[in-house]
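S.K.: Can you look at this prediction? I've put the sequence above it.
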Amino acid sequence: MSFVPGLGIVRGMALTLRRFFEPKVTIKYPEQRAEVAPKFRGRLQLLYDEWGTLKCETCFQCAQACPIECIDMGGIDTRGRYHVHWGPPETYGERREESALRRSGRTVPDQAYEHFEPLDLHSIDAILEEHDHDPKRMLRIMEDVQGVYGYLPVGALKRISETTGAWYAMLYGTASFYGHLRLEPEGAARGGMASDEAATRRPTEAAFRSDLDAALVGRTPGDRPGAPAQA
Amino acid sequence: MTDLLATPAGWPRILLARSDAADPTDLDAAVRAGAFDGLKKAARDLGATAVIAEVAASRLKGRGGAGFPTGEKWRLAAASDAPRRYVVANGYEADPSTFTDRTLLERDPFAVIEGALIAAFAIGAGEAIIAVRAEETELVRRLEAAVGAAEEAGFAGSDILGTGLDITLSIRPVAGAYLLGEETILLKALEGKRCQPEQRPPHPAERGLFGMPTVVQNVQTLALVPWIVAHGAAAFAALGASDSPGTVLVQVRTPGGEGIAEVPLGTPLREIVGLGGALPAGRSVKALLVGGPSGGLLPAEALDTPYEFDALRAAGAHVGSGSVVLVDDRACIVDLARLLTRFCSGEACGKTIPCRIGTRRLVEIADRAVDGRSSPSDSTRLLDLAHDIVASALCDHERLTTLPLGSGMRYFRSELDEHFLRGTCPAGVCQPIAVTAGAVQ
Amino acid sequence: MTVLSRSWSRLTLPGKIVLTVAPILLVLTVGLVAVIAIFGGPILDVLAANLPIVRFVVAATIILLITVPTAFLIIYMEMKIIALMNLRIGPERVGPWGSLMSVTHGLKVLAKEDFTPTGADTVVFTWAPVVVYLASVMSLLVIPFAPGLFGQDFNIGLLYFFAVSGLGVVGLLMGGWSSYNKYSLLGGLRSAAQVISYEIPLTLSVVGLVLLAGTMSLNTIVEQQAGWFTDWYVFQQPLGALIFFIAATAEANRTPFDLTEADSEIVAGFATEYSGMRFGFFFFAEYVNVFIVSALIVTLFFGGWNAPFAWPWPVELSADPASLGVGLLLLVAVVPLILTLVFATPFWLASSRIKGWQALVIGFILANLFIVALVGGWAYIGLDWVAGILWFLGKTYAFVFTFVWMRGTLPRVRIDQLMDFAWKWMLPASLLNLFVTAAAIVVVDALRNGR
């Protein structure tokens, strides 16, 4: 009697009845909370790093994403005033500037309140004047500034941002895109690559050109691609 | 500047007509040599519709690589009813090893400026933009000087040549990557948006910069336009090949020499390669890399292929950035194809899966081949993958990335099979390599 | 005057409300009492003279009033039981164990925007929910809740029931048609097709029962099932009961036959364009339907308000509390205290951790429970309708639980499977049942007469 009409229904209903009496799996948040691994990134709390600094960039993503708008963000802006900001970051450009400012030109973890050396800004003003304060000429402005100081100091970028109206984030992005612009004094971070000025402007393209040169003459066994060929 | 190669006397010199000027930014010297004749004729005698008709009748094809008929593009843009139209001259030469566009802009900026102005006049655009690489600061400076001179002379700006038209000409340095050579991406860069390609249709000629009809042309195309307008469509159509008239700047690279030449379309590859100088003794031609980093590898038997759009496409290569590289028997095709595919894959914007992932898989297949670690199904997988990428591609970058390996499979099958099936390299080049950081990040 | 206005402004808002409403209530109460006192007598006489009408009006009112709480209760049951079967918890924040959740649902439905779609036939659109709801409510009229507790006892009660619940189809069609929405129309037609297809097996399956019972009066049918549970008709008409159960599930649009209201189907079928209280009507009507259908199953096949066992000895509780006189007062005052102490003492003695007052509280609660149990038991034994209604509701809600249980378990059928099942299986089965019953009756009668 393997096929009894209705047996499937009965067995199904027996199962649900059994489930009716079984303990439930719901976790009654917020009285009970689910256990999460220490590396879980979805925790609703701000974390501190090993130096005791708050790991928050005030990027506003959390405030913007929160569907019930329960996240506020506050802090001291670049002029020492305390604000509570809430809302899409575009309306609080100042906050974003400060965050980008804190993180520019450094390869070590956040050390929030690091002292900046005083800077002579006259040359920057002169350069900007020469370029008519046009943000579209940002690359050349930066090259000129680097010519004056040897690198792009944070203060200089701030100055450029303030006077041209271009966003600091844009300046930072431009400076980091080109290989010949430095955000730190020479010799400070990595060992300098002695190479052609124009070649390092676009490292990817320079690598392609040298690879092509090597491939056309045939690499001798033992060469790695990217190394100059020994023809 | 890259050197110019000597060309046969019978070849027309349009693009490089004023290339030996002492100061390319000297407007008076250029005008004496014939600059802005076309603009004068267009503005005073012909009128916009007639200009478009001339360009269409000349069968001029775009030199940006795809070879789209220029007259049709202009017609399309002029026919739309939008409040503004734009002309964008694509001087951003994406190919890192080719300098043809930049050479043209350095040696004869007025040709490009004039071409852009004629185009703007023809389609009724109020603004013409010349996009160049931002890091070419010297070039940008020179171009701005040239534009300034043109404006002072009344060829650009307001009330051009007394006709009452206003066409603003501006030089826009753009920073980006390889993809900026594609027209929709270039427009996005000009708008300040994230650079990823858009679906076409609608073509930029219908809806481009800021939603307005935009004609995007390579600077070489625009530099040919004044000659067409000044000398007539029939004269132009008589040059070059019958369905691809005119000339193009080709960067030739051979072991014997390297340089740029203005080549009439339809010239056999043999002649073009011959411009670069003879091969060193003991070396033979193995392949021709035609079209830049995403070009096709043609065998020595293809030396008689005419250098023009349709013939090259049929052969499995393309005009592209105008680069012809002679590969001799020292090189390994697989190694070369791997390098090219690696570069192109690394330059992918990541918008679509066939490009982002598919080209990566091609690179992996090539890597395994170079290492001698190919699996038996790699060659079929390569063909299938290339076919699928081409079929599902959003923009041409993906399709062209498959060209090096695809043409390799077509013409150099035996050499590739040596790598795939037996793990050996006939040219003695490929060695097992360590995993490196390189073009593909 | 200023003193008044100053004191008024010192009040909080609730204070202001109370102070405004209280005098009005007072006046109204006094007025009402006065009216009753003055006119009460004559009114009562008139009412007494027309007792049947009064009884009917009261019954109808009560029935109308109980449908909504019943619907609330069944909605809550459904949410909670299905959740528990899904290993979830269900509503548990709104009231104790989430019991006020359905009230919240009701309020939400009231608060929604009430609109008529453009192009809809407004009159029909407005009346469709009313018709559906009325059809359900009116059929409650004949269901016997307890001996003496029924709306009206027609001798064609069952026929009335089927006739009136058939009116619901009209409401469905009205809703589907007037919505000016082809999908509503489709859903409405499907609902209508489902309901009318299953009405035939539904009615045919009880014809056998009617033959056996010899009457269509529901009250009489229940009375015939008095005694032990073996007297219930389910044992005499098992196939009929089964068919009736399945057909009733389909009539009530319950799983597995609920494709007309499943969200993955045509949204809400005929009710797609309804919102706010109009949809609330359909919503409540459905749950009242569940109750009615369960009640009918219980009435017809499972003994109605009869207990499953017969009370073996006759019980005559003729205690008249009033006869105790003053003793009653003493009883009421003293007994709870004594009981509290009696129940508290063991707890206080047993564990030293329980303090005196805690023991007293426990004792008080237990005393209350005890008294309630006693009184309840007395009511149960003494008043037949208490027992009746308890058993009736218990059995009905057991069936409601079964319906909810089926909803939580079973997948739903397709429309073609549904129609197949109705016409190819249920109809022949119910006809078979009818013929077999009729044949059996004839044979048994013949045998009996022949003897």
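M.R.: Received it, and whenever you're ready, just let me know what you need.
S.K.: So in chain C, which helix runs the longest?
M.R.: Secondary structure assigned by DSSP state H gives helix C:13-49 as the longest helix of chain C.
S.K.: how many neighbours does the residue lying closest to residue C:167 once chain neighbours are set aside have?
M.R.: In this structure, residue C:167 finds its nearest non-sequential neighbour in residue C:135, 4.1 Å apart by CB to CB, 6 or more residues apart in numbering or on different chains. Quick note: C-beta positions are derived from backbone N, CA and C, even for glycine. Per other CB atoms under 10 Å in any protein chain shown, the neighbour tally for residue C:135 reads 23.
S.K.: Now do the same for residue C:135: helix, strand or coil?
M.R.: Three-state call for residue C:135 (DSSP: H, G, I helix; E, B strand; the rest coil): helix.
S.K.: residues contacting it?
M.R.: C:164, C:165, C:166, C:167, C:168, C:170, C:171, C:285 (CB atoms under 8 Å, 6 or more residues apart in numbering or on different chains).
S.K.: cutoff 10 Å now
M.R.: By CB atoms under 10 Å, 6 or more residues apart in numbering or on different chains, the residues touching residue C:135 are C:163-172, C:285, C:288-289, C:292.
S.K.: again with residue B:239
M.R.: B:11-12, B:14, B:58, B:224, B:227, B:231, B:245-247, B:264-266.
S.K.: 7 Å instead, please
M.R.: B:12, B:245, B:246, B:247, B:264 (CB atoms under 7 Å, 6 or more residues apart in numbering or on different chains).
S.K.: got the residue ranges for the helices in the stretch 1-150 of chain C?
M.R.: C:2-10, C:13-49, C:51-85, C:101-111, C:122-139 (DSSP state H, counting those that start in this stretch).
S.K.: Of the ones you listed, flag the one that's most buried.
M.R.: helix C:122-139 (a mean of 20; mean count of other CB atoms under 10 Å in any protein chain shown).
S.K.: Could the C-alpha coordinates of that helix be exported in PDB?
M.R.: The C-alpha coordinates for helix C:122-139 follow below in PDB (Å, rounded to 0.1, in the frame of the first residue of the first chain):
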ATOM      1  CA  THR C 122     -19.400  53.000  -8.200                       C
ATOM      2  CA  VAL C 123     -22.600  51.600  -7.000                       C
ATOM      3  CA  VAL C 124     -21.700  48.000  -7.700                       C
ATOM      4  CA  PHE C 125     -18.200  48.600  -6.400                       C
ATOM      5  CA  THR C 126     -19.500  49.900  -3.200                       C
ATOM      6  CA  TRP C 127     -22.100  47.200  -2.600                       C
ATOM      7  CA  ALA C 128     -19.900  44.200  -3.500                       C
ATOM      8  CA  PRO C 129     -18.200  44.000  -0.100                       C
ATOM      9  CA  VAL C 130     -21.500  44.500   1.600                       C
ATOM     10  CA  VAL C 131     -23.000  41.600  -0.200                       C
ATOM     11  CA  VAL C 132     -20.200  39.300   0.500                       C
ATOM     12  CA  TYR C 133     -20.100  40.200   4.200                       C
ATOM     13  CA  LEU C 134     -23.900  40.000   4.500                       C
ATOM     14  CA  ALA C 135     -23.900  36.600   2.900                       C
ATOM     15  CA  SER C 136     -21.500  35.300   5.600                       C
ATOM     16  CA  VAL C 137     -23.300  37.000   8.400                       C
ATOM     17  CA  MET C 138     -26.700  36.000   7.500                       C
ATOM     18  CA  SER C 139     -25.800  32.400   7.300                       C
END
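S.K.: mind giving me the domain ranges of chain A?
M.R.: Residue ranges for each domain of chain A read A:48-114, A:122-177, A:193-231, as given by automatic domain parsing.
S.K.: So the second one, near chain B or not?
M.R.: Going back to what we said before, that points to domain A:122-177. Yes. Using CB under 7 Å from any CB of the partner chain, domain A:122-177 reaches chain B at A:136, A:139, A:140, A:143, A:177.
S.K.: Touching, the third one and residue B:135? I think so.
M.R.: No. At 9.5 Å, residue A:140 does not count as touching residue B:135 under the criterion of CB atoms under 7 Å.
S.K.: Need the three-state assignment for whatever residue of the stretch 1-150 of chain B ends up closest to chain A.
M.R.: Residue nearest to chain A within the stretch 1-150 of chain B: residue B:96 (3.5 Å; CB to the nearest CB). Residue B:96 falls in the coil class when you classify it by three-state DSSP.
S.K.: surely residue C:89 meets residue A:23?
M.R.: No. Checked against CB under 7 Å, the pair residue C:89 and residue A:23 is beyond contact range at 10.6 Å.
S.K.: More neighbours: those two, which one.
M.R.: Applying other CB under 10 Å to residue C:89 and residue A:23 shows that residue C:89 carries more neighbours, namely 17 against 6.
S.K.: Return the residues in contact with the residue nearest to the spatial centre of chain B.
M.R.: The centroid of chain B falls nearest to residue B:321 when counting by CA atoms, centre = their mean (3.1 Å). Going by CB under 7 Å, 6+ apart, residue B:321 touches B:65, B:93, B:95, B:98, B:291, B:292.
S.K.: Of all pairs in those residues, which one is the farthest apart?
M.R.: Farthest pair in those (CB to CB) is B:93 and B:291. Separation: 13.5 Å.
S.K.: Compare neighbour counts for the two and give me the winner.
M.R.: A count of neighbours by other CB under 10 Å puts residue B:291 above the other of residue B:93 and residue B:291, at 29 against 25.
S.K.: Skipping its backbone neighbours, what lies nearest the more buried one in space?
M.R.: residue B:320 (3.2 Å).
S.K.: any idea of the mean pLDDT for stretch B:303-312?
M.R.: What stretch B:303-312 shows for mean pLDDT is 91.
S.K.: ditto for stretch B:341-360
M.R.: Mean pLDDT, stretch B:341-360: 87.
S.K.: One more: stretch B:270-277?
M.R.: Here stretch B:270-277 scores 87 as its mean pLDDT.
S.K.: how about it as CSV, C-alpha atoms only?
M.R.: The C-alpha trace of stretch B:270-277 is given here as CSV (Å, rounded to 0.1, in the frame of the first residue of the first chain):
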residue,chain,number,x,y,z
ARG,B,270,54.5,45.4,-47.9
GLU,B,271,55.0,49.0,-49.0
ILE,B,272,54.2,50.4,-45.6
VAL,B,273,56.5,48.1,-43.9
GLY,B,274,59.2,48.9,-46.4
LEU,B,275,59.1,52.5,-45.3
GLY,B,276,60.6,51.5,-42.0
GLY,B,277,63.7,50.1,-43.4
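S.K.: contacts for that stretch?
M.R.: Counting by CB under 7 Å, 6+ apart, B:5, B:7, B:250, B:252-254, B:256-259, B:261, B:263, B:288, B:303-304, B:307, B:324, B:326 sit against stretch B:270-277.
S.K.: Over to stretch C:66-79?
M.R.: With CB under 7 Å, 6+ apart as the test, stretch C:66-79 has contacts from C:90-91, C:99, C:101-103, C:105-106, C:137, C:140, C:284, C:287-288, C:290-291, C:400, C:404, C:407.
S.K.: Where does the prediction get shaky in the stretch 1-150 of chain C?
M.R.: Across the stretch 1-150 of chain C, nothing is flagged by pLDDT under 70.
S.K.: same thing with chain A?
M.R.: For chain A (pLDDT under 70), the answer is A:1-2, A:38-39, A:42-60, A:63-64, A:66-118, A:186-201, A:219-231.
S.K.: Around residue B:400, how many other residues sit close by?
M.R.: 24.
S.K.: check contacts around it.
M.R.: Taking CB under 7 Å, 6+ apart, we find residue B:400 in contact with residue B:294.
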